[in-house]
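[1] Sequence plus predicted model, see below.
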Protein chains: 2
Amino acid sequence: MPAEGGYPRTSSSPSGFAALDAMIRPSSVAIIGASDDPTRIGGRPIAYMQNQGFAGTILPVNPNRPVVQGLPAFASVAALNQVPDVAIVAVPGESAVQAVADLGAKGCPAAIVFTAGFAEVDEAGAAMQDRLVAAARQHGMRILGPNCLGLFNAAVGFYPMFSTSFEQGWPLPGNIGIASQSGAYGTHLFATSRARGLGTPVCVTTGNESDVSLGEVIGWMAQAPEVEVICAYAEGIRESARFIAALDLARRNRKPVVMMKVGRSELGGHAAKSHTASIAGDDAVTEAVLSEFGVVRATTTEQMLDIAYAASRRIYPAKNTLGVITVSGGAGVLISDAAEAAGIPMPPMPEEAQAHLKGLISFAAPRNPVDCTAQAVNQTETFEHFLEVTAEAGGYQSMLVFLTQTGGSTTMAPKLRPYLKQAREKFADRLWVLSVIASPDKVKGYEEDGYIVFEDPTRAVNAIQAMGRFGAAFATPAAGEFVVPRVTLPATTPTEAEGKRILAAAGVPAVPEKACASVEEAVAAAESFGFPVVAKILSPDILHKSEIGGVILDLASADAVREAHATLLSRAAERAPGARIEGVLIAKQIKGAVEMALGVARDPVFGPVAMVGLGGVFIEILKDVAFRRCPFSVTDAEVMIRSLKGFPLLDGARGRPKADVKALAGALAALSRFAAGAGDRLLSVDVNPLLVLPEGQGAFAADAVIEVEETHA
Amino acid sequence: MPAEGGYPRTSSSPSGFAALDAMIRPSSVAIIGASDDPTRIGGRPIAYMQNQGFAGTILPVNPNRPVVQGLPAFASVAALNQVPDVAIVAVPGESAVQAVADLGAKGCPAAIVFTAGFAEVDEAGAAMQDRLVAAARQHGMRILGPNCLGLFNAAVGFYPMFSTSFEQGWPLPGNIGIASQSGAYGTHLFATSRARGLGTPVCVTTGNESDVSLGEVIGWMAQAPEVEVICAYAEGIRESARFIAALDLARRNRKPVVMMKVGRSELGGHAAKSHTASIAGDDAVTEAVLSEFGVVRATTTEQMLDIAYAASRRIYPAKNTLGVITVSGGAGVLISDAAEAAGIPMPPMPEEAQAHLKGLISFAAPRNPVDCTAQAVNQTETFEHFLEVTAEAGGYQSMLVFLTQTGGSTTMAPKLRPYLKQAREKFADRLWVLSVIASPDKVKGYEEDGYIVFEDPTRAVNAIQAMGRFGAAFATPAAGEFVVPRVTLPATTPTEAEGKRILAAAGVPAVPEKACASVEEAVAAAESFGFPVVAKILSPDILHKSEIGGVILDLASADAVREAHATLLSRAAERAPGARIEGVLIAKQIKGAVEMALGVARDPVFGPVAMVGLGGVFIEILKDVAFRRCPFSVTDAEVMIRSLKGFPLLDGARGRPKADVKALAGALAALSRFAAGAGDRLLSVDVNPLLVLPEGQGAFAADAVIEVEETHA
């Protein structure tokens, strides 16, 4: 079939994803290493595409056969009678490198490389992979793989994939896209989806990611009309720019991303490394990046598909609340527990509406959960009222109706279904979910009526919660541009005092202190800091000030400062005769502060990442910290601070005054801007402790270490 | 059918469960309020029993009809021609009370009361329930319900239940028993089980539990041959003795109990109360009781049935380890993450075995997870080696084989199945679990070969983890009898000093201190406590000792004590002339202690419960505490202490010396024995702080409050 046919050529796509368009929606494909045997790696894609009616041209390349699986074959890449949009490379080792070079020379824009034995194996393989990439780059050609299982786009019958999983059936129509680093897990996800009746028209596996990364694939899906919901599987994120851009694009296009990122555990991290050449990275940083963009992380396949299934309805409540109608009080309790654990509010029904429903069935418990009891399904006309009054008066964004086997009963279900359909249509902006035990055809009927159907009510609640998280993320305006300061770092790691000065200039105030040469200067400094202050003798010859009585605390007035100044000078003269006295240091005295720790670390993938936690046991024993990519806003900083388990300590717990969270958030955001402005030479910052005073009194660094990469002048 | 037939009469059972035997395995049943209409509440049980071939006699009682559903009916209870083993009461309100009185008078040992409108409704209903119970008690008759959906025992075709759920199908053969307070949820569990192909021969719902409680039902199942695995659903535990005895019996009989106890959340607790007359109780206490007996708590129906399904194989590894064979590296990582989260060890394969497997497939990653790659299933003869070498050399108690769609492939599955079967038979003591995507008939085949089959690998891991928890509980010897001291509590709440003396006598030492009248006494006291000590002037006239220099710290030797004694007396004479001096108080000086809080509270159901936590933020902010029913052993106490999130602080974190955990555990166990011995008048004990010194140096109460109910003499 010629490329000029009805099938559009997309490699000149204006989307910025031309190479991926060529890979995923080509009008022609060459198979290097094409096999006549439809069960061989080089034969399967041809068999699959012929079976599924690929609308483009298939160009087998095989030096030994003029015809492959009934198609005219070409002896070499050079012999091809047209430039393919994409080529599948299924020849071993160095032949693959040569094939890529030949394809590049021919002008082919993209290749899908099945061949294994590259960076995933050893050093020699990594070197061969470098040659492969270099050969491609020379011609501006893009590579998927090597060591990848390939991809499929069922919408156009394109199957450059050698998985055996199609033997059990082809992808179903639908709107879920699968992007996976692991080929086996990607097809497992596809097969599980199919077993559940979920449609996955596109699946792309990225293998060694020598060029095209998971991020780029997610980005393509975020703009592709084939895909509305993105399921991604990662062992490690290898590059940040495209990944971040993809998540941002998906959010802007209101396409939810559910991601499984494995390798959280020590064991898992080990297994991930032996599996591919992944950088496992710090899981906490990845977690922070995902939550920044409203990506919902799944830890099981089931969870991922539950969420993808619910998302396929494309209703994402921005301010999610849950209304529950149940025929079982017990299930109502179970659902309430699950909702509380998931953090979905279940506000009670208005009193008046409760009274109305109790008027219909006297022993109903219509608070929310609204227990309409088995009576309501026996008197089906009351069921209609329960559904609509709860939706209307409760105003819930999400509605969960628990009917258990009643919803599958051959006698009851036909009576209940019209009421359910009518309520859903009347309140069409709500997310309607049904928990029933019913045959597949009954479930399908409810789905056709616009319901999401889960047998297990807890799984229903968790999927509803995820829809609310997507809704909240889609409603969050994209972060504006941050004013990132121009930071000039010193040539070598600065002293503590210098570090504090640098940070103070960047907006992270240090505990105020001033070296004062005269008593007037001391009084002025104290007055500028606010009382009480501490006075210390200032002398290069007195190391242990307190031993000579050289530190006086709790100075609460100008007079007290004057008196202390005199006392310190006379004590020094008396107890350290001959010491050079440079004056007196006046410092703000910090009392009753909450000790926090702030920091910046450089993630190998995501760059500078800021951290905040409460000092002491919270960090050291409980690892109670929050992370975020730099830079970020004061609002974002406050969200981080409020997410800490120990936050109540800042919020007036244990009879303390509320701490100055605004000042703390300001310091944290300032630190993030500083880190973003400082560039790659900033290795780390450690502000520990940052002393947070009661509301309105500020937050001050008592100690700070800035570590920089030394410049080689 | 006469009761003398082949069907055994069991109401004289020696099991201690005669009444429940009569209720669940009767040879005759009367139906009070029998209906000729098989869809009415009083008609359904008769229709179900006739349909399912109940082997006993059915005795309908109906004053208006001589024949009910084809059976001869009796006009009244008095008119019955035999004493039924059990009666179903399906008449409204006061008629139900009368029926119970009549049945009791007739000599019927047990009744299942469907009738609603009792304690679940209002005060008047509660009073009617009291009359119902009184009528039964008068004749030694036992009651299930009222307000219960009934029960079924499919093994004998006995269906005293008015659920409509049988319309979708009858219970399947199997060994899972369902005990549920909620009727609707109990039958939901049954229907969900059936939909999954799980056999639930017995289901008992307890309704208002005016007499027979959930605990008693679990106890019956723990000794009944029909049941091997117990699924229980509770909203609140109402009595402790039978519940505890039941869990103990189940453990001794190696029958796993999976329990869903809802009402954890504030919302859920509210819903539970509006649903039944349950005492929601303190969830943390219930949790502690369940874990004491190795009950695994499920939070979702799916989890409960996953565990019950896996348990139906009856392999409970006491020291669980997990070996994983996978065709997907990605899934291997996912499974490792899940195993780490669940706390199942996955020790690596021995080096030699790894080398052997790498000899078979060079790019296999056989560490554990053992990634045999798709190659092993293509060369099926290597697959046999991978299975058996991993089981043999790894010695894993549980084996999880991840095959995804390959296990369902029509071409591959028949080749793989014989190897799987052979490996399972060769290592028959192991728990073999398969994760595949396959058609129901293929799954059934694997199950027949002795495999537990889960599509989702994470659910497989969680079920395997639960089997290990059962195994560990079954291997734990039952607690011996504790020596509970005879405790005589004072008539009123004692002072702090008296409280500390009482507890010290019970084995919870207080900080040692002694009032000394002479310098020799002071030295002797110091030497008996160990140095350093603190000396304080002892005088009823000196309130603020430190103001006159009346407290001296850090006394590290006998000489220092002598000197301090003299100093204190001379300071008192000089600075507080005229004060009555009674001597000097010598106290052990506690430095570098970890502050703990110990306590006892009286749970309305389970009696005295002890609590331990780290002081300060750990308790107040993080609620990091452990509970256990009193009394318990020092070993149990140590398990509680080690379960705390803050435990690292006792274990040498942050550069501290390790704390004297043995002394702390000893004090906690002593407190538990004291509480058990003190009886109902002990309302609470609060030891806060208990100061725990470094290893070998002890743990001492610095403050203690004992609250008692005042005696009215």
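    That came through fine. Numbering: from 1, shown residues only, chains lettered A, B, ... in the order given.

[2] which non-adjacent residue is nearest the residue nearest in space to the middle of chain A?
    With distances taken as Cα atoms, centre = their mean, A:Leu290 lies nearest the centre of chain A, 0.9 Å away. Leaving aside its chain neighbours, A:Leu290 sits nearest to A:Arg297 (5.6 Å; criterion: Cβ to Cβ, 6 or more residues apart in numbering or on different chains). In short, each C-beta sits where N, CA and C put it, glycine included.

[3] neighbours of the one you found, just the number please.
    Residues contacting A:Arg297 under the criterion other Cβ atoms under 10 Å in any protein chain shown number 19.

[4] Now do the helices in the stretch 251-400 of chain A.
    All helices of the stretch 251-400 of chain A, identified by DSSP state H, counting those that start in this stretch, fall at A:266-275, A:283-292, A:301-311, A:329-342, A:351-360, A:373-378, A:380-394.

[5] Reformat the ones you listed into CSV and put mean pLDDT and distance to B:Glu123 next to each item.
    Shown next, in CSV, are the helices of the stretch 251-400 of chain A (pLDDT from 0 to 100; distance: least, Cβ to Cβ, whole Å):
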stretch, mean pLDDT, distance to B:Glu123
helix A:266-275, 50, 57
helix A:283-292, 88, 50
helix A:301-311, 96, 44
helix A:329-342, 91, 20
helix A:351-360, 93, 18
helix A:373-378, 76, 21
helix A:380-394, 93, 27
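
[6] Those: which one's closest to A:Val257?
    A:Val257 lies closest to helix A:283-292 among those, at 8.2 Å (Cβ to Cβ).

[7] looking at the helices of the stretch 251-400 of chain A, which is closest to B:Val68?
    helix A:373-378 (22.4 Å).

[8] how distant is that closest one from the center of its chain?
    43 Å (Cα atoms, centre = their mean, to the nearest Å).

[9] Stretch A:475-494 now?
    Offset of stretch A:475-494 from its chain centre (Cα atoms, centre = their mean): 21 Å.

[10] Identify each buried residue in that stretch, please.
    Using 16 or more other Cβ atoms under 10 Å in any protein chain shown as the test for burial, stretch A:475-494 gives A:Pro485, A:Val487, A:Leu489, A:Thr493, A:Pro494.

[11] about what we covered before: check whether the residue nearest to the centre of chain A really touches A:Asp283, as I assumed.
    No. The criterion here is Cβ atoms under 8 Å, and A:Leu290 misses it with A:Asp283 at 10.3 Å.

[12] about what we covered before: roughly how far apart are the residue nearest to the centre of chain A and B:Ala246?
    45 Å (Cβ to Cβ, to the nearest Å).

[13] Roughly how far does A:Glu707 sit from chain B?
    The gap separating A:Glu707 from chain B is 23 Å, by Cβ to the nearest Cβ, to the nearest Å.

[14] Ok, A:Cys372 next?
    For A:Cys372 relative to chain B (Cβ to the nearest Cβ), the value is 11 Å.

[15] Please tell me I have it right and that residue contacts A:Pro366.
    Yes. Taking contacts as Cβ under 8 Å, A:Cys372 lies within contact range of A:Pro366: 7.4 Å.

[16] low pLDDT regions in chain A?
    Scanning chain A for pLDDT under 70 picks out the ranges A:1-15, A:264-281, A:479, A:712-713.

[17] domain parsing for chain A?
    A:1-149, A:163-312, A:322-450, A:512-588, A:594-708 (automatic domain parsing).

[18] which one of those is the most hemmed in?
    Comparing these by mean neighbour count (mean count of other Cβ atoms under 10 Å in any protein chain shown), domain A:163-312 ranks first with a mean of 23.

[19] First-to-last residue distance for that one?
    One end of domain A:163-312 to the other measures 26 Å (Cα to Cα, to the nearest Å).

[20] is any part of stretch A:221-236 close to chain B?
    Yes. Using Cβ under 8 Å from any Cβ of the partner chain, stretch A:221-236 reaches chain B at A:Tyr233, A:Glu235.

[21] that older thread, tell me who's in contact with the residue nearest to A:Leu290.
    A:Val258, A:Met259, A:Met260, A:Lys261, A:Glu287, A:Leu290, A:Ser291 (Cβ atoms under 8 Å, 6 or more residues apart in numbering or on different chains).

[22] repeat for A:Ala475
    For A:Ala475, counting by Cβ under 8 Å, 6+ apart, the contacting residues are A:Ala318.

[23] how close does it get to A:Gly294?
    Taking Cβ to Cβ, one finds A:Ala475 at 9 Å from A:Gly294.

[24] What residue, apart from its backbone neighbours, is nearest A:Asn81 spatially?
    For A:Asn81, the closest residue by Cβ to Cβ, 6+ apart turns out to be A:Phe74, at 7.2 Å.

[25] what does A:Gly395 give?
    A:Thr321 (7.4 Å).

[26] so how far is chain B from that neighbour?
    For A:Thr321 relative to chain B (Cβ to the nearest Cβ), the value is 12 Å.

[27] Wait, that residue touches A:Leu400, no?
    No. At 11.3 Å, A:Thr321 does not count as touching A:Leu400 under the criterion of Cβ under 8 Å.

[28] tell me what the host helix or strand of A:Glu498 is packed against?
    Per DSSP states H and E: A:Glu498 is located in helix A:496-506. On a contact count with 3 or more Cβ pairs under 8 Å, 6 or more residues apart in numbering or on different chains; DSSP states H and E, helix A:496-506 meets helix A:661-678, strand A:699-701, strand A:704-708.

[29] Many thanks, we can stop here.
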